[in-house]
Every structure is written in C-alpha cells, then in structure tokens.
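[1] next come a sequence and a model predicted from it.
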Number of protein chains: 2
Amino acid sequence: MATTIRQVAAEAGVSIATASRALGGSSAVVEATRERVLGVAAALNYTPSRLGRSLATGSTGNVGVILPDVTNPFYTSFLAALESALGARDLGILVGDSHESLDGERALIRRMDTQVDALVLASSRLPDAEIVAASHRLPVVLANRRLDAAAIAPAGLSQIALDVGPGFAQAAEHLHSLGHTGIVYVDGPPQSWSGRQKRDTLTRACARLGMRLTIAPTVRPDFEGGRRALEAVDLDDTTAIVAFNDQVALGLLSALREAGVEVPTRVSIVGCDDSLPHGLAWPPLTTVDSSSRTLGELAAAATLGEGALRNTVPTHLIVRDSTGACPAASV
Amino acid sequence: MATTIRQVAAEAGVSIATASRALGGSSAVVEATRERVLGVAAALNYTPSRLGRSLATGSTGNVGVILPDVTNPFYTSFLAALESALGARDLGILVGDSHESLDGERALIRRMDTQVDALVLASSRLPDAEIVAASHRLPVVLANRRLDAAAIAPAGLSQIALDVGPGFAQAAEHLHSLGHTGIVYVDGPPQSWSGRQKRDTLTRACARLGMRLTIAPTVRPDFEGGRRALEAVDLDDTTAIVAFNDQVALGLLSALREAGVEVPTRVSIVGCDDSLPHGLAWPPLTTVDSSSRTLGELAAAATLGEGALRNTVPTHLIVRDSTGACPAASV
DNA sequence: TTGAAAGCGCTAACAG
DNA sequence: CTGTTAGCGCTTTCAA
C-alpha cells in the first residue's frame, strides 16, 4: 500500500488537516510545521492520491478526449496539441477511440463522464440533442463540428470548428484557372459534419464557376479508403480530384501511380488538412491547410475556459505540385 | 449534480447497500427488488461514479500509457491496438506524451500512478532502477524496452520487446547480396534501448559480412530528423542507408529526392517498422517489419495479466523497391 | 434477503 | 495557526 496523508500526519505529529494544508501550500501554516511535514512526506515518499483528492474536491484533473481514429494524423496532431496545452496545466487526458462509430462514442462518454472535468469531442457523430444533454452534465468542447444554427447552445458547450469555406472555394477556383471544367470530390463518411461543409462549399463554388461536380464515396476516410475510392472514379472523364483529407489524397495518389496515371500531368489532386510533413507525398500535395494543431490549441483553451466558446480556424489553399493544367485544355 | 446511488436507493425505498447490490448484479437480491432498483436507476438516468467506486474498491478501471510521441505512427498503432484490447474490457486509457524526454516521463508517472491500475511504458528512457521502483507500486508493462539482463525482474513487471535481431541481420545480408560493401546507419536517439539493439545487430552483421558500417545521428527520430540527417552523410561514399525507423527513412527519401539522388539506383534505403500503409512511400520502402500493433496487443495481454511476463515480437525484412544493386558493383 | 455502519484518501468548513 | 469533524460516492463486512 502506498503512503497516505494519515501516516505523514502521524509521523510529523500533526493533524491530518495540518498535513493537508502544509502539503497543499496553504499560507496558514507556520514555517517550522510546514518543513517538518514536507520532510516527513519526502522521507516516506508520499504521493497524494488523486482519487481521494478528486472525490473531496469534485474535480479530477483529467479531461476526456474522444477521437474517431487515434491512428489518423489529423487527430493525432490535434491530440498532441491538446495534450501539450493541458499537460502544461498538469491536467491528464483520458483518451478514447470511437472507431468512427456512434455507439462507440456513446460507450466512451458513459465510461468517462463521471471521472473527468470536461469532455472534448472531436468530429462527433452524436445527434445535437445528445451533445446538448452531455453538456448539461459537464463542460463539453465540440471540435470540428458545430450544432445546427437553429439549436440554442448551452452555456457549458464550446464549439471549435474549421471554416473550410475559403480553402475549398480556393481549391475550386485554382482548378478552374488551370482549365479544369469538372471536379470529382472524394467524400468522407456520410454522417461527417465537416464532410458536409466541404461538399456544400464545393457545390456552391462549382455552380458559380460553371464546373461539373461529381461526388464519389469512401468507406473510411483513410489511405486504404482513398485507394479503393478510385475504383468508383471514371478516369477517362476526370482531370481533377479533390479529396476529403490528405490520407485519402495519398491513397488516390498511390492508386493512380499503380494505374500508370501521372499526377499532375493527367490528373490533378487536392488534399485537405496539411497534416503531413512537407515533402512526404510525391509529388508534394496541393492541399487545403486546416491545421488540426490549431484546432487542438483552441480546444484546449476552451477546455480551460480561456478561449471563446465559439471559435473558428480559417483555412486556405496551399498550392504545391499535385495540381497542374487540365490536359484537355492544352490540346 | 449527477444522480447518486443514495437517491436511487431512497426513491426505490431500499437501503444504499441493497441498491449497490442490485446494480452490481449480486445474486443476493430478490428479483422484485432488483427490478425496482434498476427501474428507478434508469428513470433517474443514474450512472455510478467511477471515482467513488475506485476509492472503495481500490481499482480504477484505467491504465496509464506513456509514449515518447503521440504523433509517431509507430506509437499511434501501438496505442490503437492497446486501446482496442483494453477498451473491450471496459478499461480506460490515461495517455501521456513524454516528448522523448526523461523528465517528462517522470512527471507523467507521478501524475498517473495514484489513479491507474497499471502503467504501460513504451520505449521508456527511465533508468532500470526507477522502472523497478515503479513496479513496486503498481504493475508495470515495459514495451519496446528490456531491463539489463543482470537485473532481477520484479514480479509486477512485464517486458514486451521487439527482437530486431533477425530483421536487421537480414537487412545487412540483403544489401550485401546486392553488392553493397558498406552501410550507413541513421540512428535514433542515443538513449534509446531499441536503437542500441539495432546498432549492435548491424555492427555484428557487418563484421561478419565484411561490410563497412558508419553511424549517423539524428536529433529526433522523425521525418524532419531524417531529412536533416542526410546532411551528415557523405553521399559520394554511400550506396546503402539503413534507418532507425520508417519516418526517418521517409525523411531521407525526401531529402534525397530533392538532392536529385535516385533511389534505389544510386542509393538503397531500408526503413524499420512497416508502420506506413503499403504504397504510401515512393518507391515502396524495403523495411524491417516490427509490428507495433502486435507489440500493443501483447502489452495489453500483459496488462490484463493474461500474457507472458516476458514476450518477444519477432521481426523480418520485407523487400520492396527502395533497395537495389550497388551502383559501384555494376560498373 | 436486507440494513446499518465503517471505511477508501482527501479537503474544507468550523471551532478553538 | 492548528485540530475536529463532516462528508465526496461507493462497496463491503457484520448483524439482523
């Protein structure tokens, strides 16, 4: 058994309360006593039990973070940013992987909500009502998702989202200016909030520019999903592809290479996230920068009650080498 | 405030003890009572407080996992495997990122050790003595690291490691058979246990095969580190490079491409981990497969007290297209 | 089969 | 400045 505050108090010849105060750095303890207690604590190698403290104070020092996929670099750097910011405040992170599943997410929330001070939900699949319900029990930070505008956001709910509008509009304009007349958008999961934002933005932009837009589905928004997605694309009729995220774009890139289709000569590709180290992909990927690190930092701020309850990370297009002139146009 | 068992008991007209038994599924409760309690609990939307339970039972239902870098795919898939296995048992994961730092690791352990049932340390930088000390306080699973053979392993300590021997020996043999007469090994962090294993294996293999071995350092074992590492490599005198891991290999690949050095025509590259989706790198990377997923699964088993206390994941070379005949040999 | 009561380790009024 | 006393929410003897 580990040392308890009781033993420290006994050994130091003070009451438990005084020991607690000395350890907690309360000013209401005379110097000599404090030193004695601290000395004994050190000698006994005492570490306060977070459990006991949590129960007594009603705050655990942990926050729960639920992600759709711990393996996806987008969430991974989101998590890294979050954990840096929270860790600096000595807050711990209870992490859960919902495996892109609604029920998984529910189970994780149930498991976490009595042992954390706040909940961070990344790209949540939960219906608005359930999110609101959760936010009545404890502070909830919604990352990469937003409630329907109509819903009244409860006080305990923060919403940090990416504004994919500018980035995806720029992507369409960029391709348009290169002479492309149509875009294939390889989508994310159907229930994905951010997927809908991207789809809608492209739809509007294409309408404005007079471009054709085709939507192709993915099973999962990852590398393998991207490879598979190409099967549903009519390559004879496609010169430009925009992907839900960089992972999917890489998968497309890989499948295209195997099919002997040159990028960007034959087909242009645009990714999203800029989650990859620069230079990892070949050719370097034109992508919509939507920093998940920034998302993580803002989510951390919201968790700490320091940032705005509602915040937006802007995006923009980064042009690299995976996009080029439309081959048809150059004929 | 959330509903407590007290309210459930009151509402159901039973004592707290009975309510607890009914909810806990004890057989010593008559059917009618159980149903009433369960009904009330559901109606009141009761969720037992994990904190209260933990304090009473002495077990938290959480395990702490400390990684050097949540962003590194090697640890990311390790974590994913671990969380799947533990999550299936309704165990939560408290995750910490030590940022490859010894002090960071110490701080995380201190923060976690009073609120978890077990600690999983991945690629720990801690001295043997501290690991042993920790394992006296709670079960510790050492992943991708092993104590010095001389040390007596305490009962509460499991050690799951990769046996990089076969894989790295095969890598050297493979390069030798392709006509290469020397290898540059781009190393991981100096304190890394697994780095030493790799270095030692290569040293022995090269001695046996009569090959030259040069060791080049990295600052951090990631993509950027790999790019930087190339600066220290004398390209005029190098035909084969073995990297500490796939991230570093990708960085090297990227820097080589920028330098206009063709792979594998001019230089062959071998990675380690096979942590990347197949086809992500171009050319596809010859790599030492050392599945971090398997590592995670074994670590989970050890955590659950089901696997062996000491276990080994074998490795082997996967030959793809980033290695080829030595250019000098073909002259 | 059920209830009363004693903690788990800690903090926080409230007295002194 | 320090000690006494209640709890935080739950499980678990021990009696009834």
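    Noted; the coordinates are in hand. Numbering: from 1, shown residues only, chains lettered A, B, ... in the order given.
[2] show me where the stretch 101-250 of chain A has strands.
    Counting by DSSP state E, counting those that start in this stretch, the stretch 101-250 of chain A has strands at residues A:118-122, A:140-143, A:157-163, A:182-186, A:212-216, A:240-243.
[3] packing partners for the last one?
    Counting contacts by 3 or more CB pairs under 8 Å, 6 or more residues apart in numbering or on different chains; DSSP states H and E, strand A:240-243 packs against helix A:164-177, strand A:182-186, helix A:246-258, strand A:268-273. Where C-beta positions appear, they are placed from N, C-alpha and C, glycine not excepted.
[4] how far away from the center of its chain is the last one?
    I take that to be strand A:268-273. 19 Å (CA atoms, centre = their mean, to the nearest Å).
[5] in that strand, which residues are buried?
    Neighbour-count burial for strand A:268-273 flags A:268-273 (criterion: 16 or more other CB atoms under 10 Å in any protein chain shown).
[6] helix or strand next in line after that strand, which one?
    Note on strand A:268-273: by DSSP states H and E, the next helix or strand toward the C-terminus is strand A:286-289.
[7] that older thread, among the strands of the stretch 101-250 of chain A, which is nearest residue B:328?
    With CB to CB as the criterion, residue B:328 lies closest to strand A:240-243 of these, at 41.8 Å.
[8] picking up where we left off before, turn the helices and strands packed on strand A:240-243 into a markdown table, including mean pLDDT.
    Below are the helices and strands packed on strand A:240-243 laid out as a markdown table (pLDDT from 0 to 100):
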| stretch | mean pLDDT |
| --- | --- |
| helix A:164-177 | 97 |
| strand A:182-186 | 97 |
| helix A:246-258 | 92 |
| strand A:268-273 | 94 |
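[9] most tightly packed of these?
    For the helices and strands packed on strand A:240-243, the largest average neighbour count (mean count of other CB atoms under 10 Å in any protein chain shown) is found in strand A:268-273, namely a mean of 28.
[10] what helices or strands is that one leaning on?
    By 3+ CB pairs under 8 Å, 6+ apart, strand A:268-273 packs against helix A:164-177, strand A:240-243, helix A:246-258, strand A:286-289.
[11] and the ones you listed: which comes nearest residue A:88?
    Residue A:88 lies closest to strand A:286-289 among the helices and strands packed on strand A:268-273, at 25.3 Å (CB to CB).
[12] and the angle from the helix or strand following the closest one to strand A:157-163?
    Once the chain leaves strand A:286-289, the next helix or strand it forms, by DSSP H and E, is helix A:292-303. Between helix A:292-303 and strand A:157-163, the angle comes out at 160 degrees (axes from the mean of the first three to the mean of the last three CA atoms, to 10 degrees).
[13] report the buried residues of the following helix or strand past helix A:292-303.
    Using DSSP H and E, the helix or strand that follows helix A:292-303 in sequence is strand A:310-314. Buried residues in strand A:310-314, counting neighbours by 16+ other CB under 10 Å, are found at A:311, A:313.
[14] for the record, mean pLDDT for strand A:310-314?
    Averaging pLDDT along strand A:310-314 gives 92.
[15] pull the CA atoms of it into PDB?
    These are the backbone C-alpha positions of strand A:310-314, laid out as PDB (Å, rounded to 0.1, in the frame of the first residue of the first chain):
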ATOM      1  CA  ARG A 310     -17.300  29.600 -30.300                       C
ATOM      2  CA  ASN A 311     -14.200  29.800 -32.400                       C
ATOM      3  CA  THR A 312     -13.200  29.200 -36.000                       C
ATOM      4  CA  VAL A 313      -9.900  28.100 -37.600                       C
ATOM      5  CA  PRO A 314      -9.600  29.700 -41.100                       C
END
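[16] so that strand versus helix A:292-303, what angle?
    170 degrees.
[17] ok, strand A:310-314: who's next to it in the sheet?
    strand A:157-163 (parallel) (DSSP bridges).
[18] what's the distance between the residue of chain A found nearest DNA strand C and chain B?
    Of all residues in chain A, residue A:52 sits closest to DNA strand C, at 2.8 Å by CB to the nearest atom of the strand. Distance from residue A:52 to chain B, counting by CB to the nearest CB, to the nearest Å: 7 Å.
[19] can you pull the contacts of the closest residue to residue A:147 other than its chain neighbours?
    Take residue A:147 and drop its neighbours on the chain: the residue closest to it by CB to CB, 6 or more residues apart in numbering or on different chains is residue A:128, 5.0 Å away. With contacts defined as CB atoms under 8 Å, 6 or more residues apart in numbering or on different chains, the neighbours of residue A:128 are A:147-148, A:151.
[20] got a quick ChimeraX command for the buried subset of these?
    The command below creates a ChimeraX selection of those among these that count as buried (16+ other CB under 10 Å):
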select /A:147
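[21] on that earlier part again, SS state for the residue of chain A closest to DNA strand C?
    helix (DSSP: H, G, I helix; E, B strand; the rest coil).
[22] right, and it touches residue B:52 too?
    No. Using CB atoms under 8 Å, residue A:52 is not in contact with residue B:52, being 11.2 Å away.
[23] what residues does chain A have near DNA strand D?
    Proximity of chain A to DNA strand D, by CB under 7 Å from any atom of the strand, involves residues A:13-18, A:21, A:27-30, A:32-34, A:55-56, A:58.
[24] give me the buried subset of those residues.
    Among these, the ones that count as buried by 16+ other CB under 10 Å are A:14, A:18, A:21, A:29, A:33-34, A:55.
[25] give me the neighbour count for the residue of chain A closest to DNA strand C.
    By other CB atoms under 10 Å in any protein chain shown, 16 other residues sit near residue A:52.
[26] circling back: got the helices and strands packed on strand A:240-243 as TSV, with distance to residue B:95 columns?
    Shown next, in TSV, are those (distance: least, CB to CB, whole Å):
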stretch	distance to residue B:95
helix A:164-177	28
strand A:182-186	31
helix A:246-258	22
strand A:268-273	22
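[27] related to what we said a few turns ago, ok, the residue nearest to residue A:147 to residue A:71 distance?
    Distance from residue A:128 to residue A:71, counting by CB to CB, to the nearest Å: 27 Å.
[28] what does residue A:243 give?
    18 Å.
[29] what of residue A:146?
    Separation of residue A:146 from residue A:71 (CB to CB): 25 Å.
[30] and if you look at residue A:151?
    Residue A:151 is 31 Å from residue A:71, where distance means CB to CB.
[31] now residue A:127: phi and psi?
    Phi and psi for residue A:127, reported as degrees, to the nearest 10, are phi -60, psi 150.
[32] so residue A:203 sits against residue A:213, correct?
    Yes. Judged on CB under 8 Å, residue A:203 makes contact with residue A:213 at a distance of 6.0 Å.
[33] quick one: end-to-end length of stretch A:209-217, please.
    23 Å (CA to CA, to the nearest Å).
[34] what helix or strand is residue A:76 located in?
    Mapping residue A:76 onto the secondary structure by DSSP H and E places it in helix A:73-87.
[35] confidence score at residue A:130?
    pLDDT, residue A:130: 95.
[36] now it: closest residue in space, sequence neighbours ignored.
    Per CB to CB, 6+ apart, closest to residue A:130 is residue A:106, 7.6 Å.
[37] neighbours around that neighbour, how many?
    Counted with other CB under 10 Å, residue A:106 comes out at 16.
[38] my read: it touches residue A:127, true?
    No. With contact defined as CB under 8 Å, residue A:106 does not count as touching residue A:127 (10.5 Å).
[39] list the contacts for residue A:117?
    Residue A:117 sits in contact with A:59-63, A:91, A:138-139, where contact means CB under 8 Å, 6+ apart.
[40] of those, which belong to strands?
    If you go by DSSP state E, the contacts of residue A:117 have A:62-63 in strands.
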